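In: Return atomic coordinates for the entry below.
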Amino acid sequence: MPAGPPIFADDPALTEVAAYWTRRREDGDGRQRLMPNRAGIDPLHLSPAIWPNLILSEPVGDSTTWRYRLVGSAHVERYTYDFTGMTTAEVMQGSYRDYMEQIYTTCRRDALPVYSESVFRWDAQGFAMTRRLMLPLSLSRVDQADMVLSVQVWPTAMPAQPRSISDLSRSGGFKDGIFMALDRESFRPLNETA
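Out: Okay, the predicted model is just below:
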């Protein structure tokens, strides 16, 4: 198991959601499941300050496309509209869509937490960085991820007016991104050496 604090230990929102997800993994006998069941997750158990940063999504059939079931108000404000009920194919395109669908698919396929960081070019002068923690949830089978709960934060100020996620992905606004699967106990990257 990777040692040390979680990779996102400096961020209170990501840390709180990770701790909540971990608590919800416990079954009635005190054992840890691979992931919580969606029925056991209630965003109201989190601090109200975190609610705007949450996203709940699910895959669309056997495709790489994902549907947004819950989109917090911070996303609505930042990206100028509420994309609840819409799919990644309807909301974004290009390399940003590929990047996001790859993160979702990795989280679901491996049933592991995934941490990501990416940079957007909002206008000619400014860039903004974002961080995400994506956590798998099951519906019926305890060993199969069926949904993803995400918390996303923006540690850098947005240098310009809000722009739609569709516009950002279409106009080359996505600059760069990384992501990594995490150990579900320590929230450290799996490829770390002790």
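In: other SSEs contacting the longest strand along the chain?
Out: Counting residues, the longest strand found in the chain (DSSP state E) is strand 127-137. For strand 127-137, the packing partners by 3 or more CB pairs under 8 Å, 6 or more residues apart in numbering; DSSP states H and E come out as helix 12-24, helix 94-110, strand 114-121, strand 147-153. C-betas here are computed from N, CA, C, even on glycine.
In: for the ones you listed, which one sits closest to residue 34?
Out: Closest to residue 34 of the helices and strands packed on strand 127-137, according to CB to CB: helix 94-110, at 10.0 Å.
In: Can you give me the buried ones in the closest one?
Out: 96-97, 99-101, 103-108 (16 or more other CB atoms under 10 Å).
In: how about it as CSV, C-alpha atoms only?
Out: C-alpha atoms of helix 94-110 as CSV (Å, rounded to 0.1, in the frame of the first residue of the first chain):
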residue,chain,number,x,y,z
GLY,A,94,-12.3,17.2,-28.8
SER,A,95,-9.4,16.3,-26.6
TYR,A,96,-11.2,17.5,-23.4
ARG,A,97,-14.1,15.1,-24.0
ASP,A,98,-11.6,12.3,-24.7
TYR,A,99,-9.7,13.2,-21.4
MET,A,100,-12.8,13.3,-19.3
GLU,A,101,-14.3,10.1,-20.7
GLN,A,102,-11.0,8.3,-20.1
ILE,A,103,-11.0,9.4,-16.4
TYR,A,104,-14.6,8.3,-15.9
THR,A,105,-13.9,5.0,-17.6
THR,A,106,-10.8,4.3,-15.6
CYS,A,107,-12.6,5.0,-12.3
ARG,A,108,-15.5,2.7,-13.3
ARG,A,109,-13.4,-0.1,-14.9
ASP,A,110,-10.9,-0.3,-12.1
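In: Tell me the gap between it and the middle of its chain.
Out: 10 Å (CA atoms, centre = their mean, to the nearest Å).
In: residue with max distance from the center of this protein?
Out: Centroid-distance maximum for the chain: residue 29 at 28.9 Å, with CA atoms, centre = their mean.
In: Please give the number of neighbouring residues around residue 77.
Out: By other CB atoms under 10 Å, the residues close to residue 77 number 13.
In: so how far is residue 48 from it?
Out: Residue 77 sits 16 Å away from residue 48, taking CB to CB, to the nearest Å as the criterion.
In: any idea which helix or strand comes after the helix-or-strand element of the chain with minimal mean pLDDT?
Out: The weakest-scoring helix or strand in the chain, judged by mean pLDDT, DSSP states H and E, is helix 165-170 (a mean of 60). Following helix 165-170 in sequence order, the next helix or strand is strand 174-181 (DSSP states H and E).
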